[in-house]
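A.B. asks: Build me a structure from this.
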Amino acid sequence: MRPSVLIGPILIILALLIPRALSTYHTTILLQLYMMIALAQSWNLISGLTGYTSFGHAVFFGVGAYTGALMLLVGFPWWFAAFASAGSATLLAIPIGSLTLRLRGPYFAIAMLGLNEVGRIVATLWVDVTQGGDGIALTPKLLPSLTTNYYTMLFLALLSTWVIVYVLGGRIGLELRAIREDEGAAEMVGVNTTQNKVSAFVASAVIPGAVGAIYAFYTSFIDPSSVFQPALNVQMIVMVLLGGRGTVWGPVIGATIVMAIQEITWAEFPALHLALLGVLLIVIVLYLPNGILSLMQRRKRVRPDQLPEQTD
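C.D. replies: Got it, this is the predicted structure:
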């Protein structure tokens, strides 16, 4: 058995044991890391595999956050609220995906960016339901414990990663990558591009909806600016591109690096956080378009001086 096969199970075991060994602060940091991994993998499912860059995936996170918070306030248990949040994001994704995925290139990206802004405006103006800019505060007695939120977010990170593994190992993964490389050619060989794109888009909205709910439970307060923030879209993009789009481990690596940078910048240079993300995105696009995993794979290739000598 190759050592790399054991990496996943070992990391999972360590993640399960961490709440018993680390402080509340470090547990919180890891919870945020799992959130970022889940969001990155969800963005990877649609944008990494099909090439349709979404600048508005935070809208599903925001819808899930508000759905979860509102359902807690009316008396539903937290786990039911999380399921309902995933469902609400899914129901939103079906018509949105059916309409926007008819667009290609920058038009789809712009449409999704506008959708995220529409979500923020609706949450701000629908005061009777969302309490507008004042936000929604959740009392501690309604909320699950930090440990419960930790394990739930870990489960969502693992589930989103498993979905990528499953998709890449099947025919749909091959068809999605064919769409990314040349959609016209994929249609010519019989790939139902519209159905595949919409299916991937809807599936990519489920996890952010549930993650948004757990985020609301964890922070105990949400408002339109915090859950419909464009910076969250940028983070998803940077994490996937930095690690390697269309791969299993790329978003995990990218999320870990971005979280580490975020912790350093928040502590030392809080005003430069978003600027550094923008600079990192530019550097990735210019000098590392295929992500860190492409460098690792390149190193594994056999060098010419390692090839066996040919005999006459």
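A.B. asks: show me where the stretch 101-250 of the chain has helices.
C.D. replies: 106-125, 127-130, 146-168, 171-181, 183-188, 193-219, 224-227, 230-243, 250-268 (DSSP state H, counting those that start in this stretch).
A.B. asks: Redo these as CSV? Include distance to residue 78, mean neighbour count and mean pLDDT.
C.D. replies: Placement of C-beta: from N, CA and C, glycine included. Shown next, in CSV, are those (distance: least, Cβ to Cβ, whole Å; neighbours: other Cβ atoms under 10 Å; pLDDT from 0 to 100):
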stretch, distance to residue 78, mean neighbour count, mean pLDDT
helix 106-125, 21, 17, 89
helix 127-130, 19, 12, 92
helix 146-168, 8, 19, 94
helix 171-181, 32, 18, 92
helix 183-188, 41, 13, 89
helix 193-219, 6, 24, 94
helix 224-227, 17, 18, 92
helix 230-243, 22, 23, 90
helix 250-268, 24, 18, 85
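A.B. asks: Out of the ones you listed, flag the one nearest residue 277.
C.D. replies: Ranking those by proximity to residue 277 (Cβ to Cβ) places helix 230-243 first, at 5.6 Å.
A.B. asks: got the angle for the closest one vs helix 193-219?
C.D. replies: 120 degrees (axes from the mean of the first three to the mean of the last three Cα atoms, to 10 degrees).
A.B. asks: list the helices and strands helix 230-243 packs on?
C.D. replies: Counting contacts by 3 or more Cβ pairs under 8 Å, 6 or more residues apart in numbering; DSSP states H and E, helix 230-243 is packed against helix 24-43, helix 58-73, helix 106-125, helix 250-268, helix 273-287, helix 292-300.
A.B. asks: So which bits of stretch 87-102 are buried?
C.D. replies: Under the neighbour-count criterion of 16 or more other Cβ atoms under 10 Å, stretch 87-102 has 88, 89, 90, 92, 93, 96, 97, 100, 101 buried.
A.B. asks: Output it as CSV, restricted to C-alpha atoms.
C.D. replies: What follows is stretch 87-102 as a C-alpha-only set of coordinates in CSV (Å, rounded to 0.1, in the frame of the first residue of the first chain):
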residue,chain,number,x,y,z
GLY,A,87,-32.8,22.4,0.6
SER,A,88,-33.5,26.1,0.2
ALA,A,89,-30.1,26.7,-1.6
THR,A,90,-30.9,23.7,-3.8
LEU,A,91,-34.3,25.1,-4.7
LEU,A,92,-32.8,28.4,-5.6
ALA,A,93,-30.0,26.8,-7.7
ILE,A,94,-32.4,24.9,-10.0
PRO,A,95,-34.0,27.9,-11.8
ILE,A,96,-30.8,30.0,-11.5
GLY,A,97,-28.7,27.3,-13.0
SER,A,98,-31.2,26.6,-15.8
LEU,A,99,-31.2,30.2,-16.8
THR,A,100,-27.6,31.4,-16.3
LEU,A,101,-25.8,28.3,-17.6
ARG,A,102,-27.2,29.1,-21.1
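A.B. asks: Going forward, count from 9.
C.D. replies: That works, and once the first residue is 9, the last one we named lands at stretch 95-110.
A.B. asks: quick one: the residue nearest the centre of the chain from residue 92, how far?
C.D. replies: Central residue of the chain (Cα atoms, centre = their mean): residue 47, 1.6 Å from the mean position. Counting by Cβ to Cβ, to the nearest Å, the gap from residue 47 to residue 92 is 19 Å.
A.B. asks: how much space between residue 280 and residue 220?
C.D. replies: 27 Å.
A.B. asks: need the helices of the stretch 109-258 of the chain in CSV with distance to residue 295, can you?
C.D. replies: What follows is the helices of the stretch 109-258 of the chain, written out as CSV (distance: least, Cβ to Cβ, whole Å):
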stretch, distance to residue 295
helix 114-133, 22
helix 135-138, 42
helix 154-176, 25
helix 179-189, 21
helix 191-196, 27
helix 201-227, 27
helix 232-235, 33
helix 238-251, 11
helix 258-276, 15
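A.B. asks: Cool, thanks, talk later.
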